[in-house]
Structure formats: C-alpha cells, structure tokens
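[1] Sequence and predicted structure below; questions after.
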Amino acid sequence: MATDYDVIIIGGGPTGLAAAVYTGRSLLRTLVLEKQAVGGQIVLSAAIDNYPGFADGISGYDFAEAFLKHAKRFGAEVRIGVGAESVARNDRGIFTVGLSDGISVTTKTVILAMGRHPRRLEVPGYDKLFGKGVSVCATCDGAFFRNVPVAVVGGGNSAVEEGHFLTRYASEINSIHRRNHFTAQKILIEQYLHDPKVKPVWNSVVEEIYGENEVDGLRVRDLKSDKTEDIEAKAVFVFIGWLPNSEMVKHLVSTDDEGRLIVNDLMETKVPGLFAAGDLCVRPIYQLANVVADGVQAAVSVERYLEIKKHHDPDHGY
Amino acid sequence: MSQFVAEVSDSNWETEVMQSDSPVLVDFWAAWCGPCRMLAPTVEQVAEKYHGKAKVVKLNVDENIEISGKYGIRGIPTLVLFSGGQEVDRHVGVPSNALSSLSQMIEKQLA
C-alpha cells in the first residue's frame, strides 16, 4: 500500500532536524512532529559554546532556527505543536502514527527523537510554586529575579552553566549539590566558582521549598551532619538530570532501567523500520554534536532500509 | 509580523483584555526567552483558528512590568486565559501538544 510518508521523525530537536536534513536530501517524504517547541531542550540554552565551528557561541534559539530552516530547505514538512500519541506497526511493516490533533498518518519508517525532559525535584512546594519561583530554565526566568538571592540545585553541566548565567541578575546564588564537588566540565566549574555571587552548599539535599504565592526560601539537609538549614531564595532553579520521553514506545522497544531506548550503532531498535536517536537513547555522552550525528546516522539507516525493502519487496508500495 | 496575535501593553490592558466580550488568551513573553519565541508560531495558529470567537494577544514582560507583576508572572512563557475580566486558566512553560492543549483551554470557555 502507498503510505503518506517515507519517514516520520518524532521530535523536532537537533537530532530530529538533523535527520530531516538528510532524509530530505535523499528525497524521502519526511514529516517532523514537534509537540512543544522546535529545538527541544536546546532552546533553553542562552549560549552554546561547545558546538564546534561556532567560535563565538550561538544562542539555543538561533541554533534551533537554523536547523529548522535547513530541514525545510530540503523539503521536510514540520508540524509544530503537534505530537505523536501512538506508534503501531502492522504485519506488512507499515507504521501508523496517531497524532495529537486526532488524525492518523502512515509511513514506511519512523525515527524516534523525542529527547528527554528535566527530572523534577520530589519535595513539598515544587509543584505548588512551579512558575512562581521554581524553574527549570534560567534563560527564561532568570531576569525576573534581579538583585535577590536565588538557589540552584544540581552539579552537572546544566546546573553549573545555568547557575553562571544567573549571576547576571541575582544578588547571590546558593548552589546546592549532594556531592562535595561539581561534575560539570572543568572550564564551566572554574567560571562559576570564580564568581563572588556563587556560594556552594556541598553535600546537601533539598527537603522543602516554601512560600505562599511565591518562593521565600528552601530547607536543605546536610548529608554529613544531618542538620537542616533554611536558605533565603526568591527562586529555585532545578537541574538534577533528565528522564527519557519514552513512555509512548516502551511496549515496542528495549529500554534500560531508566527507560532509555537501546539502539545499535546504526540507530536501529529491535523493530525493523523503527529507528531511534539522540537523548532518548542510551548514549556514551549527551552532547549536542553527538546527538546531531545520531540523527544523521538514523537518516542514513532509514534510506538503506528502504532501499533493501524496495529490492526484496517491490510490490509493497516501496 | 504576526497577523492574528495583537501586542497588548500595560496601557491598553483594561480595554483589550479586561473589557473584552470574548475570552482572551494572553501569551506572556520576552525577546530573550527562546522557548517563548519558538512557541509563537503555535500561538499564531491558535489565534487564526479562533479568530472571531476568542482573542489571542501577547504581552512583553520586559516592557510591561505593571501587568506582569500584578499577575505574578515569574516564569515564561506563561499563557493565561481571561474571561469576563477574570483569570480562568493558566499554563506555565511550553505546553505539551501545544496546538491541541491551547485549543482545549479556549474550547472550555466557549462551551
């Protein structure tokens, strides 16, 4: 049977859009679905300083815009604000993707590139005060907290980078981490700790975020002494890791304990025609450059898969 | 420039939002907010879809601190739906399945 598309790419972040550039150039009928905002997590980044070739850095927004433009240039159809709700494969190897606007479309292949979302802090006050001082995006919300103390929770690249960004606005940054050192890239840690506004709070975890209509502060517990301390803060920025957006496809593919998809070097899942790439998957590192490369690999694998199918099965509408 | 989404401000808030006969979805945004700018095309689509039934406007939080402060905007994008001069619904951040979730927000008020 004829399908609506040759490939549907679920997720319009750097991985999905890189894949779309390549499938577009291979003249495959390509649909990209982005349920939130094009660029995914990268648009939260004020400045990308580690993508080779951009010596002066580039904002996450500009980066995502450039990727979108590039994907569209080679013919990809990009639907923004529309997500996939289901993926099913029939016994002839045709996929049906149910969209959030109620319609279903068919395709010969699917690339899963849904990425991941920030892990929430499971403490009282997080949900109640989200958007009222509790935030997962310093570039979005930092400017609301000028000349007031804030807190940052976490110790990886995101925490340290976003914390450093907050030094532009906040009077003081209490940087809370459960270990006695940050795990971010060395250059980021150096910049961060060098700023006099930054006050690390080592070996500590957050117990509660309090305030009525806005954040007033948070209670932290020192893991060594077991003592609790109240810290004044008008905002709490939380960067404690990521969770894969894999719920929709867990029943189809193999995942690890954290729900990340297991793929091989060709970005194949165990389901023929179903590929996955980028942050959603188990990867050795999670950097922009390698998740972009993942998208490229997935696209090339799609093309090869379709060529082989066409050769062996010319009557299947391939 | 946006065709269906008008820019509102502290000065015309009363007439454009509070006194509006139809429900008004307000997109609180700023130029430095990447997710806000990425959400803009979806907000535009929603505005076009409900043109004549509901209003969709945007308010720049940098330039309009009075209204942003009054409604306790501490994170953007924040989308607030007003009906009859009252806040009836709010979403902080880019909504998932943004097109249908914003549509549903408006549909509930039109029903």
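    Arrived safely, thanks for sending. Residues are numbered from 1 along each chain as shown, chains lettered A, B, ... in the order given.
[2] got the contact list for the closest residue to A:P124 other than its chain neighbours?
    Computed as C-beta to C-beta, 6 or more residues apart in numbering or on different chains, the closest residue to A:P124 that is not its neighbour in sequence is A:E208, at 4.8 Å. For the C-beta atoms, the positions are set from N, CA and C on the backbone; glycine is no exception. Contact analysis of A:E208 by C-beta atoms under 8 Å, 6 or more residues apart in numbering or on different chains lists A:V123, A:P124, A:G125, A:L218, A:R219.
[3] in what helix or strand does the fourth one lie?
    Secondary structure from DSSP states H and E places A:L218 in strand A:217-222.
[4] Tell me what angle whatever helix or strand comes next after that strand forms with strand A:217-222.
    For strand A:217-222, the following helix or strand on the C-terminal side (DSSP H and E) is strand A:228-232. Here strand A:228-232 points in a direction 150 degrees away from that of strand A:217-222 (axes from the mean of the first three to the mean of the last three C-alpha atoms, to 10 degrees).
[5] ok, and for strand A:228-232, which residues are buried?
    A:I231 (16 or more other C-beta atoms under 10 Å in any protein chain shown).
[6] List the strands paired with it, with their directions.
    Sheet pairing of strand A:228-232 (DSSP bridges) gives strand A:217-222 (antiparallel).
[7] tell me the phi and psi of B:P35?
    The phi/psi pair for B:P35 (degrees, to the nearest 10) reads phi -60, psi -40.
[8] That one - how many residues pack around it?
    Number of residues near B:P35 (other C-beta atoms under 10 Å in any protein chain shown) recorded here: 25.
[9] Quick one: residues contacting residue 64.
    You didn't pick a chain, so chain A it is. Contacts of A:A64 (C-beta under 8 Å, 6+ apart): A:G13, A:P14, A:L17, A:V38, A:G39, A:G40, A:I42, A:V43, B:G34, B:M38.
[10] switch to chain B, that's the one I care about
    B:V8, B:S9, B:D10, B:W13.
[11] Pick out the most distant pair among those residues.
    The span of these, defined through C-beta to C-beta, is set by B:V8 and B:D10 at 8.7 Å.
[12] picking up where we left off before, tell me which of the contacts of A:A64 fall in helices.
    Per DSSP state H, helices hold the following members of those: A:P14, A:L17, B:G34, B:M38.
[13] Of those, which is the nearest to A:S135?
    A:S135 has its nearest neighbour among the ones in helices among the contacts of A:A64 in B:G34, at 14.0 Å by C-beta to C-beta.
[14] The closest one and A:E65 touch, don't they?
    No: using C-beta atoms under 8 Å, B:G34 is not in contact with A:E65, being 9.4 Å away.
[15] before we move on, the earlier item: and the host helix or strand of the residue nearest to A:P124, which strands flank it?
    For A:E208, the host element (DSSP H and E) is strand A:204-210. Each strand paired with strand A:204-210, and its direction, by DSSP bridges: strand A:217-222 (antiparallel).
[16] average pLDDT across the strand it pairs with?
    Regarding strand A:217-222, the rounded mean pLDDT is 98.
[17] cool, and stretch B:17-27?
    The pLDDT scores in stretch B:17-27 average 97.
[18] List the buried residues in that stretch.
    Within stretch B:17-27, the residues scored as buried using 16+ other C-beta under 10 Å are B:V17, B:S20, B:P23, B:V24, B:L25, B:V26, B:D27.
[19] Stretch A:230-243 now?
    Buried-residue list, stretch A:230-243, by 16+ other C-beta under 10 Å: A:I231, A:A233, A:K234, A:A235, A:V236, A:F237, A:V238, A:F239, A:I240, A:W242.
[20] With stretch A:275-290 instead?
    Of the residues in stretch A:275-290, those buried (16+ other C-beta under 10 Å) are A:F275, A:A276, A:A277, A:G278, A:D279, A:L280, A:C281, A:R283, A:L288.
[21] Of the residues you listed, which is the nearest to A:N157?
    Lowest distance from A:N157 to the buried residues of stretch A:275-290 (C-beta to C-beta) belongs to A:L288, with 11.0 Å.
[22] And the closest one, how far from A:R116?
    Per C-beta to C-beta, to the nearest Å, A:L288 is found 14 Å from A:R116.
[23] looking at chain A, which helix or strand does the model trust least?
    When the helices and strands of chain A are scored by mean pLDDT, DSSP states H and E, helix A:138-141 comes last with a mean of 90.
[24] Need the CA coordinates for that helix. PDB is fine.
    C-alpha atoms of helix A:138-141 as PDB (Å, rounded to 0.1, in the frame of the first residue of the first chain):
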ATOM      1  CA  ALA A 138      17.400  30.100  33.800                       C
ATOM      2  CA  THR A 139      17.300  31.900  30.500                       C
ATOM      3  CA  CYS A 140      13.500  32.000  30.600                       C
ATOM      4  CA  ASP A 141      13.100  33.000  34.200                       C
END
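[25] continuing past it, what's the next helix or strand?
    Using DSSP H and E, the helix or strand that follows helix A:138-141 in sequence is strand A:149-153.
[26] List the contacts of that next one.
    A:121, A:159, A:162-163, A:166, A:170-177, A:206, A:218, A:231-240.
[27] Taking strand A:204-210 as reference, get the angle to it.
    Using the same axes, to 10 degrees, one finds that strand A:149-153 and strand A:204-210 are set 130 degrees apart in direction.
[28] what number of residues lie near the residue of the stretch 101-250 of chain A found nearest chain B?
    Residue nearest to chain B within the stretch 101-250 of chain A (C-beta to the nearest C-beta): A:G131, separated by 3.1 Å. Other residues within reach of A:G131, judged by other C-beta under 10 Å, total 19.
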